[in-house]
Every structure is written in structure tokens, then in C-alpha cells.
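Novice: Build me a model from this:
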Amino acid sequence: MEMTTYTTPKERLTVAFFQQDIAWEQPEANHRMVEEAFSRLAQPADVLVVPETFATGFSDCMAAMAEPQEGATLQFARRMARQHDALFVGTWTVREKGQVVNRLHWVYPDGRYGWYDKAHTFRMSSEASQLARGTRRVIFEWRGWRVKPAVCYDLRFPLWLRQTAPEGACEGEEVRLGYDLMIVCANWPQSRYEAWSTLLRARAIENLSYVVGVNRVGTDGVEIPYSGDSMAVDYKGHTLASCAHDEASVAVATLDYETLRTFRSHWPFYLDFDRVAPENMFCL
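Specialist: Residues are numbered from 1 along each chain as shown. Just a heads-up that it's a prediction; the model follows:
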């Protein structure tokens, strides 16, 4: 797990997320679609989030359509981050060192970026045979908030997404946990939408964290339908903002750090977290 030295969190973090009807294997069309959707925001956002493989769809040709790391979609993400003075978060496939990965990127307004490679490639599709699995747990910071990235199928694996608390934490102290916000980019089919919404809430409750889950809508190129059900939920599992069921739309959630801190202080469930070393939680 990668960590850095963190700054004081911004009191309120605004997250805008686009529930996209992805144009099948048409990166330029999808770039235009995303740009237009966020251009209609009524207020500035700190974070912009799009679904998994937003530039192409979750296609059997993901490996063939993979880009170099500094390819066109990264350049598009940089432009969006700069224009909105916001963090841009989304996944696309990248070919690097002889392999292809489903890489979640977070791109800063100054053009810098980081990434997390999807650890749980979906074995019930061609993804698992085409793409390499990521092996790094990652936490990064944006405007003082600690953020945990995840991609679609990862959501089913709580050990991989486990929250951490510092050793020796005491009740009543101001404690910074491993992360404050989990962002999940997905292509999660309509046939399993109950699992999607249930798991988003479960991950938020068990990890004392906000969770933003962003899914696609529409029917893809192999006739699989998606209903979206994108949402932002709080540490109690309450919905803060959501996109309309089965409709392309943008939703905006404002996350409040003080209420999160107060809840963690009043209900210090982290004192009873199972103490398992992160490196022993999961073996790839």
C-alpha cells in the first residue's frame, strides 16, 4: 500500500460523476460525450468520475484497443482536469511492458497523474484471459482527502479494500484512518444491480468511509444491458446523490469531512478492526 504525507482535508469535497451510455469502441466519441456532460455542471467540482473503460466500453477488443500510457485518453483526461481545476478519475486499457492492464487513472489539474491496475480481472469474461492483474494496493491524496481506488469486480473482495487504522490508536483521539473516500469505476450489468448497490453500501459501512460508485448505462456491443444505479453513499450507507435508473446523467455529491470525523469519533469501530497485515490479506 502506497502512502504519502497528508495535508489537512478540505472541509467539503464535491464529486461529480457521469453515468455514461458508452459509445462502443469509439474513443473520440466518448471523449466528446464526457466533455459535454461535465460542461453542463452548475457548480465547480473537486473530482470528476467516469465509468470503467469509459473510452471504449468493456469490450472483447480491450487488449487490441489498449493505448500507450501517454496516449490520447490520458491527454484528454489532462485537458478535463485542467479545464475544471479538478481531479479526473476513470479507467482505460494501457499496453505497457508487453502486457495490457485495465488501469484506473487519477489525473491532477497540473497534468501529473497516478494509477491503480485492476486486481480482480473478471474471469467470467475475456478480461481475465486478455489482461494482466494488478498487484498494488494504492491510496492517494487529493485536497487532503485520502482516496482508495477500485474497479468493478474488486468491489466483491472486502479484504482487498480493507480499511486500516494506525497501531495503538486510542478512543477519543483524532485518528486518520487509511482512507476517507473509495471511488469505484464500473461496468456492472443490470442483471446484478442489487449486488452493486448492496456492496457499495457494505464497503462504506464496514470501512467508515464515503464511497462513490460510477457505472455505465445502455446496451453494449454484445447486447448486455446496464442500468447504471451510480451513487455516492456515506459511512452509514445512506445515499447522498444518485443518477436516475437506466438513464445517462450527471450527479453531484458534497462530502463533509467534519461529519465523517465526528462519526468516527463517536463510533470508533476501527478500534476493533481485525489486525491483519495488508501484505497478508490477499495473494495474487
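Novice: where exactly do the helices run in the stretch 51-200 of the chain?
Specialist: Taking DSSP state H, counting those that start in this stretch, the helices of the stretch 51-200 of the chain run over residues 72-84, 127-130, 193-207.
Novice: Could you dump those helices into TSV and include distance to Tyr179?
Specialist: Every C-beta, even on glycine, is put in place using the N, C-alpha and C of the backbone. TSV is the format used below for the helices of the stretch 51-200 of the chain (distance: least, C-beta to C-beta, whole Å):
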stretch	distance to Tyr179
helix 72-84	21
helix 127-130	25
helix 193-207	8
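Novice: which outside residues touch the helix or strand of the chain with the lowest mean pLDDT?
Specialist: Least confident helix or strand of the chain, by mean pLDDT, DSSP states H and E, is helix 127-130 with a mean of 92. With C-beta atoms under 8 Å, 6 or more residues apart in numbering as the test, helix 127-130 has contacts from Phe58, Asp60, Met62, Ala63, Val100, Asn102, Thr121, Phe122.
Novice: Name the nearest residue to the second one, ignoring sequence neighbours.
Specialist: Among residues not flanking Asp60 along the chain, Ser126 sits closest, at 5.0 Å (C-beta to C-beta, 6 or more residues apart in numbering).
Novice: Of the contacts of helix 127-130, which belong to strands?
Specialist: Using DSSP state E, the subset of the contacts of helix 127-130 located in strands is Val100, Asn102.
Novice: For PyMOL, write a command that selects the buried ones of the contacts of helix 127-130.
Specialist: Only the buried members of the contacts of helix 127-130 end up in this PyMOL selection, burial being decided by 16 or more other C-beta atoms under 10 Å:
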select buried, resi 58+62+63+100+102+121+122
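Novice: Which of the contacts of helix 127-130 sits closest to Asp256?
Specialist: Asn102 (31.7 Å; C-beta to C-beta).
Novice: how much space between the residue nearest to Asp60 and Arg133?
Specialist: Distance, Ser126 to Arg133, by C-beta to C-beta, to the nearest Å: 14 Å.
Novice: for the helices of the stretch 51-200 of the chain, which one sits closest to Phe273?
Specialist: Comparing these by C-beta to C-beta, helix 193-207 comes nearest, at 9.3 Å.
Novice: before we move on, the earlier item: closest to Arg264 out of the contacts of helix 127-130?
Specialist: Among the contacts of helix 127-130, and counting by C-beta to C-beta, the member closest to Arg264 is Asn102, at 32.0 Å.
Novice: Confirm for me that that closest one is in contact with Thr91.
Specialist: Yes: taking contacts as C-beta atoms under 8 Å, Asn102 lies within contact range of Thr91: 5.7 Å.
Novice: ok now stretch 182-192, how far from the chain's centre?
Specialist: Between the centre of stretch 182-192 and the centre of its chain there are 10 Å (C-alpha atoms, centre = their mean, to the nearest Å).
Novice: With just CA atoms, put it into PDB.
Specialist: In PDB, the C-alpha atoms belonging to stretch 182-192 read as follows (Å, rounded to 0.1, in the frame of the first residue of the first chain):
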ATOM      1  CA  MET A 182     -13.400   5.000  -2.000                       C
ATOM      2  CA  ILE A 183     -14.000   5.600  -5.700                       C
ATOM      3  CA  VAL A 184     -15.300   2.600  -7.800                       C
ATOM      4  CA  CYS A 185     -15.400   2.800 -11.600                       C
ATOM      5  CA  ALA A 186     -17.500   0.000 -13.100                       C
ATOM      6  CA  ASN A 187     -19.300  -1.700 -16.000                       C
ATOM      7  CA  TRP A 188     -21.800  -3.600 -13.800                       C
ATOM      8  CA  PRO A 189     -24.600  -5.300 -15.700                       C
ATOM      9  CA  GLN A 190     -28.300  -4.700 -14.900                       C
ATOM     10  CA  SER A 191     -28.800  -8.400 -14.100                       C
ATOM     11  CA  ARG A 192     -26.700  -7.900 -10.900                       C
END
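Novice: Give me the buried positions along that stretch.
Specialist: Met182, Ile183, Val184, Cys185, Ala186, Asn187, Trp188, Pro189, Gln190.
Novice: Now it: average pLDDT?
Specialist: Average pLDDT, stretch 182-192: 98.
Novice: and if you look at stretch 13-25?
Specialist: On average, stretch 13-25 scores 98.
Novice: One more: stretch 82-98?
Specialist: Rounded mean pLDDT across stretch 82-98 is 97.
Novice: This completes my enquiry, with thanks.
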